[in-house]
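In: just need the structure, nothing else, for what follows:
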Amino acid sequence: MQCELCGRDVNKLVPVRVEGVEMMVCSDCAKYGVTLKTYSRIPKLGKKSIPRSGGSSRRIYRPKRDVFDTIKTIVEDYGEIIREARIKKGMSIEELARKVGIKVSTLHKIESGQLEPEEKYIRRLEKELNISLYEEGGEECSNQGSRDFTLGDFIKVRR
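Out: The predicted model follows:
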């Protein structure tokens, strides 16, 4: 029999998972993977919580929070929103830049949509102009007609 990793002929092969692929390897190459006997396809749940005082020794498992649940997304027309709010307050671009603490040229690029502001500047702009620049999570796209979206609806093809 031949090891699927190093190609050596051996008498006994060991089933292991290497980089997500199940392979039959020799005992020397088995150290590069996880033995299938100890590997589980069931994902481990989050941290154990401390049981409440009440004599119950049962442990409660809570799943880990998804990273993408906390990511904020800036609205698509942030530059236009900032410009309109600044004009509505009667401020010049220089005045707003001074109050927020950024260069006039940087604020001009932000208003024209050429530059996406950093999170700290977004917070300052929101506070100064009393606006919201983040999209609300959980919104769904409206379907045109009754047809479902396909992968082709979301990608750009270079020709």
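
In: burial count for residue 93?
Out: 16 (other Cβ atoms under 10 Å). The C-beta positions use only the backbone N, C-alpha and C, and glycine is treated the same way.

In: quick one: contacts for the residue lying closest to residue 81 once chain neighbours are set aside?
Out: Nearest residue to residue 81 in three dimensions, chain neighbours excluded: residue 131, at 5.9 Å (Cβ to Cβ, 6 or more residues apart in numbering). Taking Cβ atoms under 8 Å, 6 or more residues apart in numbering, we find residue 131 in contact with 81-82, 85, 125.

In: sec struct for residue 131, please.
Out: Recorded secondary structure, residue 131: coil (DSSP: H, G, I helix; E, B strand; the rest coil).

In: now do it, the pLDDT please.
Out: Residue 131 carries a pLDDT value of 93.

In: could you measure from it over to residue 72?
Out: From residue 131 across to residue 72, the span is 14 Å (Cβ to Cβ, to the nearest Å).
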